[in-house]
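[1] this is a predicted model, with the sequence first.
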Amino acid sequence: MLDSSSSYIYLAHTRLDTNDGLYDKVYDIDFSNYDMTLLGGDLSMSSFSRKEVILPHLDSIFNFKSPNTLWSVGNHDNVPNKRFYETTLKNKYHAYQKDDVTFITLNSQDSLSSIIGNQKTFLFSVLDTIQTTSVLLMTHKLIFMNDHPVLDEKISTVCNAGKGNCFHCHNTNNFYQDIYPKLLEVKKRGIHVLWVGGDLGYKTSEFEYIDDQGIVFLGNGFWYKKERNKVLLFSKTKDKTLTYTFVPVDTLLQDQTKALKIAPSK
């Protein structure tokens, strides 16, 4: 009997320029076809005040309370911590294990892209105790690009936000000082390490870089005004490496009437 495979869909930057819903092609994706839904942030334009209805609408699309829906928040996902937990039953940094993969969702909006304090303690605790063959880490910002000898200069041509010192910028951070050495420890234990960020779409819908240690860095996102947007699909077969591919979103769309968009928030 062949091993059964699992598939995970990753998408990010589904927002419009208004609070009127999502990039229209998202409504035509059948998320039930995938074992996990991985969200890279900037889901909508909303500031998520209590009077707005966009968050329940997003929940109706992505099923936030499912343990198989993970959301790494972006600069447009300004959901208070308490409300985020009430909506998702998860914290903004969170670990989950499925199919011999450890999924770690981090909040790159905290501390201007640095992973510090309780979040860093949490991350290191998870990385020190991983027993799975693969680990997939998710942030909105591609924090692995800052201060890298090859990737730093690519921020302006890859990421939605440029370098700077602000809430939406790609800020100088502690990735290579603190986080990367811990990833190397994990890699040396024979664990496949992948990191994906969702702050893409304006300039490109896909990004891939594999460093000389074999750690995989990915990026993916939509921009609703552009054609040829892509999603990132992961697949995992028992006892095999977690693999991935970038796929045009048009190839995933259902042949059925689209769901209605949300009305403008009041």
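    Structure received.

[2] buried sites along stretch 232-249?
    Residues of stretch 232-249 classed as buried by neighbour count (16 or more other Cβ atoms under 10 Å): L232, L233, F234, S235, K236, T237, L242, Y244, V249. (Each C-beta comes from the backbone N, C-alpha and C, glycine too.)

[3] now the second one: phi and psi?
    Backbone dihedrals for L233, given as degrees, to the nearest 10, come out at phi -110, psi 130.

[4] quick revisit: now, the most widely separated pair of the buried residues of stretch 232-249?
    T237 and V249 (24.0 Å; Cβ to Cβ).

[5] ok so, going back, lowest pLDDT pick from the buried residues of stretch 232-249?
    Of all the buried residues of stretch 232-249, T237 carries the smallest pLDDT score, 85.

[6] wait, that one touches S5, no?
    Yes - if you go by Cβ atoms under 8 Å, T237 and S5 touch, sitting 4.4 Å apart.

[7] report pLDDT for the spatially most central residue of the chain.
    Residue closest to the average C-alpha location in the chain (Cα atoms, centre = their mean): G40, at 2.5 Å. On the pLDDT scale, G40 is placed at 98.

[8] for T257, same thing?
    Note for T257: predicted pLDDT of 36.

[9] three-state assignment of K25?
    Judged by DSSP: H, G, I helix; E, B strand; the rest coil, the three-state class of K25 is helix.

[10] list the contacts of G117.
    In this structure, G117 makes contact with S111, judged by Cβ atoms under 8 Å, 6 or more residues apart in numbering.

[11] return the set of buried residues in stretch 201-211.
    G201, Y202, T204, S205, E206, F207, Y209, D211.

[12] which residue sits closest to the second one in space, ignoring its chain neighbours?
    Okay, so that is Y202. Using Cβ to Cβ, 6 or more residues apart in numbering and skipping the chain neighbours, the partner closest in space to Y202 is N160 (4.7 Å).

[13] my read is that the one you found contacts G40, right?
    No - look at N160 against G40 with Cβ under 8 Å: they stay out of range, at 11.1 Å.

[14] so where do the helices sit in the stretch 1-150 of the chain?
    54-62, 81-88, 117-128 (DSSP state H, counting those that start in this stretch).

[15] nearest to Q97, out of these?
    Comparing these by Cβ to Cβ, helix 117-128 comes nearest, at 9.7 Å.
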